[in-house]
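Peer 1: What follows is a predicted protein model with its sequence.
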Amino acid sequence: MAEALVSTVLERLALVIQQQIQQEVRLVVGAEKDVEKLTNTLRNIRAVLVDAEKRQVKEEAVKIWLEDLKGLAYDIDNVLDEWSSSILKLQIQGVDLDDTVTHKKVCSSITFPCFPTHGIRLRHDIALKIGEINKRLDVIAQEKDKYNFNLISGIEEPERQKSTSFIDVSEVQGRGQDKDIIIRKLLCCSSKETRDLQIISIVGLGGVGKTTLAQLAYNDVQVRSHFDKRIWVCVSDPFETMRISRAILEALDRKTSRHLHELQIVQQEIQNSIAGKKFLLVLDDMWSENYQIWEQLVNCLKDGSSKSRILVTTRKMGVARMIGSAYTHPLEELSEKQCWSLFSKIAFFGRTREDIEELEEIGQKIAEKCKGLPLAAKTLGSLLRLKERKEDWISVLNSEVWQLEVFETDLSPALLLSYYDLSPAMKCCFSYCAVFQKDHVIKRDQLIKLWMAQSYLSSRNKEMESVGREYFESLAMRSLFQDFVKDDHGNIVECRHSSIIFSDNIPFPASIFRIENLQTILVVSQSKMRTHKALPNLFHRLRYLRTLELTAYSIEELPREIAQLIHLRYLNLSDNSWLKELPEALCELCNLQTLTLSRCWRLEYLPEGMEKMINLRHLELDSTLIWVLPKGIGKLSGLRTLAKITVVGDDDNGNLLKLGGLQNLNNLCGHLAISGLGDVRDAMAGENAELKKKKHLRSLDLNFYTDKEEAEGMKSVAEALQPHQELKSLGIYHYNNIKFPSWLATSLTQLTTLKLEGSTKCTHLPALGKLPLLVGLDIWGMAALKYVGLEFLGTSTSTSTTATTIAFPKLKKLTFAFMEAWKKWEVKEEYHVAIMPCLCSLTLEKCPKLKALPDCLLRMTQLQTLRIYDCPVLKKPRQ
């Protein structure tokens, strides 16, 4: 970790120097030599840190030396961040860097622009701090020499292999018999059974696969159908009855229990939910042998059916006995053959037969060191899969790590070897996960934002978010993350991981204010008490915070002292339902990258000075009362996340965002919804929004709703809002013109889903059949549409061609709803036209005048589902 921190500091130092040169601002006057000395000393120390980190396990003196170095590295990083922030502040506060040349002529006697006295004092302070740091670093450098460290080069950034993808090791080796036994115990209904709740325990060493076996049983088809309710809770250590009870209740009711603060109330809700029902509760990774707290939990579970089961995984046989297990299943290590099979499947993935033959003998010896533990086999297999050279395999086989006695009970050598192999930046990222409680569910995108806040993802050539995703996937591939949840595209979006975190109803302890260099505070639970009075002191004392999460903390007012947190990059205030406004002082946080205000139900406005938050990348506002945005948002060209925007009309001269204000927001990613378009009359505003340049957007909603009877210029504005051709999903709402914009059927060649809703004046559908990748199409509320015909398919009426034309070649789901005037749907059967060959689902709802469906359409498709609601005139199609 020390190597990773020093490497990060050196990168930051280089970036700040570059920033100073680019902006032509010298903040540290006369300190060039000190900066150069600092850089050289850090480089010399970094050269020995690979050896030092390996030796610290055995040598306490080396461990202490590394701790001192890490503490100093944090101090250096804070000074560098203060330096960088000063440059940003000068830029924001009106020191026009383009005017620097002019100033130099006036101020020829000094080497920096004419700045206020405060700026001069600040530069002097930074210079003094760098000088003091050099003195402390000299002491550490001198101590280094007495340990005679070896010079070992660190790990380079791994080159991303083109043929590599994450291996899903769901095909578990050697556990078929164990799985069958556990399932039989869960399902069996013996005549000897009592009404007591039956408990089954799986006991085994860490990494032997207890959780995996429990998952196999939990997700088995028979088990899923047998139980009315299934609940999975990670218990870990300590055993917190309130947390576990809440987790059980939320799994049962599929909704939050944050509003419940008394254990008695939570457990009463559990009793109500399971009364008479057959449930399966898995308590994974249980450590406590305290019967009193166990009894406190299990008593609320006795109202379920007598066929209910509790499945517990634990390393300790004492736990299995204490909870009164009806059956205890000792999970043994894998056989040598099974362990080799698991290891080799991962390590040799994608290799040629020649490569396998060269490495097989060494691989078998490494697999033997796994001692039958699946986690060790997976981790080492994942590590060696990245190693091409035979010498690297031999190095792992002969590593001194295998000889360390401490690992027999506390830590897997396989995990440590995998950690040592990480690049410095990835070591920082992985180590940062220690801020989370054991078995905490980690959301990938949130974790990447937290890494960004610590400056672990710096890159000159790539987006920080892209670097973060690569690091996350690499850590997952090495089995350093577990229990993945994937999205529809196979990407990992959640995982578990085997700072300071506060639990329910615990105010900030006084001792926290003495940790002046604290960088991360995550408040992960809510409190009944409104503790915002403690925040001014918190902001005043803990000025080096980079990450602050105060989720559901009943904050009514955010103090203006928040401006003192100049290093802050991540601020999460979500679920503070009493928060009504944000202070203007918030805009002084020029380093802030992520601001999350989700589910702050009473929050109506953002501060006006948002343009000063020039590093803001993610602004999350879902489920708030914020309707319009300040005009300054349009200057934040680095914004990646801004899911909803309501623009004001041309006549509004206030400090609010207009449509043309989106011009500079070309880095927006993911989903964007724009409302208020019905009040925009000037097509030039649509042109200035430059939606066509927003190539990172994948989903777009355009809402033209207006309370005005006549919306002038709507058609020309819509024509000007042509999105980028890579768009995947589009929704157009309340567009009141006879025809849709021309680009809809001609330019969006990558579109997969489309929804057209509330276009009450539309009389003609566009030629949507031309869209080659369209999979889902919803058309709602077109009150004036009477006829759908050949123009909808987008096929030619010419008979001269012999080539077959396919209308809607990929369409699978089609819905028409609330089409009050629609009478006729005509599809002419032509020999050269294929229509909707992939259609699986067709829904018609509230089309009261529609008379019939096209027979040829039903014959030519692969229709599996036909839903018809409130279509009284519609004739049932012939079978």
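Peer 2: Nice, thanks for sending it over.
Peer 1: Return the set of buried residues in stretch 850-869.
Peer 2: Going by neighbour count (16 or more other Cβ atoms under 10 Å), the buried part of stretch 850-869 is 850, 853, 854, 857, 858, 860, 861, 863. All C-beta atoms are positioned from the backbone trio N, CA, C, and that covers glycine.
Peer 1: Can you pick out the most distant pair from those?
Peer 2: Using Cβ to Cβ, the buried residues of stretch 850-869 span at most 19.4 Å, a distance reached by 850 and 860.
Peer 1: Kindly indicate which of the buried residues of stretch 850-869 lies nearest residue 174.
Peer 2: residue 863 (45.8 Å).
Peer 1: Filter the buried residues of stretch 850-869 down to the ones in helices?
Peer 2: 857, 858, 860 (DSSP state H).
Peer 1: I'd like to know which of these is nearest to residue 365.
Peer 2: residue 860 (62.4 Å).
Peer 1: Per-residue pLDDT of the closest one, please?
Peer 2: According to the prediction, residue 860 has pLDDT 70.
Peer 1: so what's it closest to, chain neighbours aside?
Peer 2: residue 835 (5.2 Å; Cβ to Cβ, 6 or more residues apart in numbering).
Peer 1: What are the buried residues along the top helix by length along the chain?
Peer 2: In the chain, with assignment by DSSP H, the single longest helix is helix 60-92. The neighbour-count check on helix 60-92 (16+ other Cβ under 10 Å) flags 62, 65-66, 69, 72-73, 75-92 as buried.
Peer 1: Please produce TSV containing the ones in helices among the buried residues of stretch 850-869, extended by distance to residue 234.
Peer 2: Shown next, in TSV, are these (distance: Cβ to Cβ, whole Å):
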residue	distance to residue 234
857	51
858	50
860	52
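Peer 1: partner residues bridging the residue nearest to residue 860?
Peer 2: Residues in a beta bridge with residue 835, per DSSP bridges, are residue 807.
Peer 1: Report the contact partners of it.
Peer 2: Going by Cβ atoms under 8 Å, 6 or more residues apart in numbering, residue 835 touches 769, 793, 806, 807, 808, 827, 856, 857, 860, 861.
Peer 1: So it versus residue 828, what's the distance?
Peer 2: 10 Å (Cβ to Cβ, to the nearest Å).
Peer 1: Next: residue 67.
Peer 2: 80 Å.
Peer 1: now do residue 794
Peer 2: 14 Å.
Peer 1: Settle it for me: which of those two has more neighbours?
Peer 2: Shown here are residue 794 and residue 828; by other Cβ atoms under 10 Å, residue 794 has more neighbours (18 against 13).
Peer 1: The more buried one and residue 768 touch, don't they?
Peer 2: Yes - counting by Cβ atoms under 8 Å, residue 794 touches residue 768, with 6.7 Å between them.
Peer 1: For these two, list the residues in contact with both.
Peer 2: Common contacts of residue 794 and residue 768 (Cβ under 8 Å, 6+ apart): residue 745.
Peer 1: hmm, back to that, and the longest helix of the chain, how far out from the chain's middle?
Peer 2: 27 Å (Cα atoms, centre = their mean, to the nearest Å).
Peer 1: for it, packing partners?
Peer 2: Packed against helix 60-92, as judged by 3 or more Cβ pairs under 8 Å, 6 or more residues apart in numbering; DSSP states H and E, are the following elements: helix 2-23, helix 32-46, helix 49-55, helix 117-145.
Peer 1: so residue 39 touches residue 16, yeah?
Peer 2: No - using Cβ under 8 Å, residue 39 makes no contact with residue 16, being 11.1 Å away.
Peer 1: returning to what we had before: distance to residue 358 added to the contacts of residue 835, as JSON lines?
Peer 2: Formatted as JSON lines, the contacts of residue 835 follow (distance: Cβ to Cβ, whole Å):
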{"residue": "769", "distance to residue 358": "56"}
{"residue": "793", "distance to residue 358": "59"}
{"residue": "806", "distance to residue 358": "51"}
{"residue": "807", "distance to residue 358": "56"}
{"residue": "808", "distance to residue 358": "53"}
{"residue": "827", "distance to residue 358": "63"}
{"residue": "856", "distance to residue 358": "62"}
{"residue": "857", "distance to residue 358": "60"}
{"residue": "860", "distance to residue 358": "57"}
{"residue": "861", "distance to residue 358": "55"}
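Peer 1: Which of those lies at the shortest distance from residue 393?
Peer 2: residue 806 (52.6 Å).
Peer 1: So residue 39 and residue 16 - more neighbours on which side?
Peer 2: residue 16 (22 against 15).
Peer 1: And that one, what's its pLDDT?
Peer 2: So residue 16 comes in at 72 (pLDDT).
Peer 1: Equivalent analysis for residue 132, please.
Peer 2: 88.
Peer 1: if we can go back for a sec, overlap of the contact sets of residue 835 and residue 828?
Peer 2: residue 856.
Peer 1: How about residue 78, nearest residue that isn't a chain neighbour?
Peer 2: That would be residue 544: by Cβ to Cβ, 6+ apart, it lies 5.1 Å from residue 78.
Peer 1: Next up, the contacts around residue 82.
Peer 2: Counted by Cβ under 8 Å, 6+ apart, residue 82 has contacts 126, 129, 566, 567.
Peer 1: I'd like those written out as JSON lines, with pLDDT and distance to residue 446 added.
Peer 2: Below are the contacts of residue 82 laid out as JSON lines (pLDDT from 0 to 100; distance: Cβ to Cβ, whole Å):
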{"residue": "126", "pLDDT": "79", "distance to residue 446": "33"}
{"residue": "129", "pLDDT": "86", "distance to residue 446": "33"}
{"residue": "566", "pLDDT": "91", "distance to residue 446": "23"}
{"residue": "567", "pLDDT": "93", "distance to residue 446": "20"}
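Peer 1: Spit out the contact partners of residue 610.
Peer 2: 587, 616, 629, 630, 632, 633, 636.
Peer 1: ok, and the most crowded of the residues you listed?
Peer 2: residue 616 leads those on contacts (other Cβ under 10 Å) with 25 neighbours.
Peer 1: Mind telling me what element that residue is part of?
Peer 2: Of the helices and strands defined by DSSP states H and E, none includes residue 616.
Peer 1: and the nearest residue to it once chain neighbours are set aside, what are its phi and psi?
Peer 2: Spatially, and ignoring its direct neighbours in sequence, residue 616 is nearest to residue 636 (5.3 Å; Cβ to Cβ, 6+ apart). Residue 636 has phi and psi values of phi -90, psi 80 when expressed as degrees, to the nearest 10.
Peer 1: Got the confidence number for residue 636?
Peer 2: 93.
Peer 1: contacting residues around it?
Peer 2: By Cβ under 8 Å, 6+ apart, the neighbours of residue 636 are 610, 611, 613, 614, 616, 664, 665.
Peer 1: could you dump the residues you listed to TSV with distance to residue 384 and pLDDT?
Peer 2: Listed next are the contacts of residue 636 as TSV, based on distance: Cβ to Cβ, whole Å; pLDDT from 0 to 100:
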residue	distance to residue 384	pLDDT
610	49	92
611	51	92
613	45	94
614	45	92
616	42	96
664	47	93
665	45	94
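Peer 1: and those residues, which are buried?
Peer 2: By 16+ other Cβ under 10 Å, the contacts of residue 636 give 610, 611, 613, 614, 616, 665 as buried.
Peer 1: Fine by me, thanks again.
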